[in-house]
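S.K.: I'll drop the sequence and a predicted model, then ask my questions.
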Amino acid sequence: MATLRKLLLLSAFVASTVAVPVQQNAGQCARYCTDASDFTLRPGSTYTYDYETTTVTTVQGGQEKTQIQITAQADIEVLSKCELSLRVSKVSKFVALQPGTI
């Protein structure tokens, strides 16, 4: 159980250190875009989605399980026909050492 807890804490630490905001670079355009785009998104519009995922992890040969649930709000802003911006906010993380207790 202690090994699983250490693995979980290490995973959470690594995820938090690599999760950084993306800086917009106004001088750089999309690398590729075709006129035959299937998307009909309007520039200037923002589309908001609620995101939720639950993952249950186990260690082979062990009986212990850990459940991680993450919820967030994803805002997709249409900058131009070929460029979108993704902003993730209201992120919450719940961890349960016994699945089904979240």
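M.R.: Perfect, I can see it now. All figures in this text were calculated on a predicted structure; none of them were measured in a lab.
S.K.: give me the below-cutoff pLDDT ranges for this protein.
M.R.: Scanning the chain for pLDDT under 70 picks out 1-30, 34-39, 98-102.
S.K.: buried stuff in the longest strand seen in it?
M.R.: Ranked by residue count, the top strand of the chain under DSSP state E comes out as strand 65-80. Using 16 or more other Cβ atoms under 10 Å as the test for burial, strand 65-80 gives Thr66, Gln67, Ile68, Gln69, Glu77, Val78. Heads up, the C-betas are built off the backbone N, CA and C, glycines and all.
S.K.: going along the chain, name the strands of the protein.
M.R.: Under DSSP E, the chain gives strands at 46-58, 65-80, 83-96.
S.K.: right, so of these, which gets closest to Tyr32?
M.R.: strand 83-96 (11.0 Å; Cβ to Cβ).
S.K.: between the closest one and strand 65-80, how big is the angle?
M.R.: 160 degrees (axes from the mean of the first three to the mean of the last three Cα atoms, to 10 degrees).
S.K.: given strand 83-96, what are its sheet partners and their directions?
M.R.: Taking DSSP bridges as the criterion, strand 83-96 forms sheet pairs with strand 65-80 (antiparallel).
S.K.: can I get the strand it pairs with in CSV, CA atoms only?
M.R.: Written as CSV, here are the backbone C-alpha positions of strand 65-80 (Å, rounded to 0.1, in the frame of the first residue of the first chain):
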residue,chain,number,x,y,z
LYS,A,65,-6.7,-0.1,-6.3
THR,A,66,-6.6,3.7,-6.5
GLN,A,67,-9.2,5.9,-8.2
ILE,A,68,-8.4,9.4,-9.5
GLN,A,69,-11.1,11.6,-10.8
ILE,A,70,-10.4,14.9,-12.6
THR,A,71,-12.9,17.5,-13.5
ALA,A,72,-12.3,20.7,-15.4
GLN,A,73,-13.8,23.3,-17.7
ALA,A,74,-12.3,23.6,-21.2
ASP,A,75,-12.8,26.8,-23.2
ILE,A,76,-11.9,26.6,-26.9
GLU,A,77,-11.6,30.1,-28.5
VAL,A,78,-11.6,30.3,-32.3
LEU,A,79,-8.8,32.8,-33.1
SER,A,80,-9.0,32.4,-36.9
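S.K.: that concludes my questions; thank you for your assistance.
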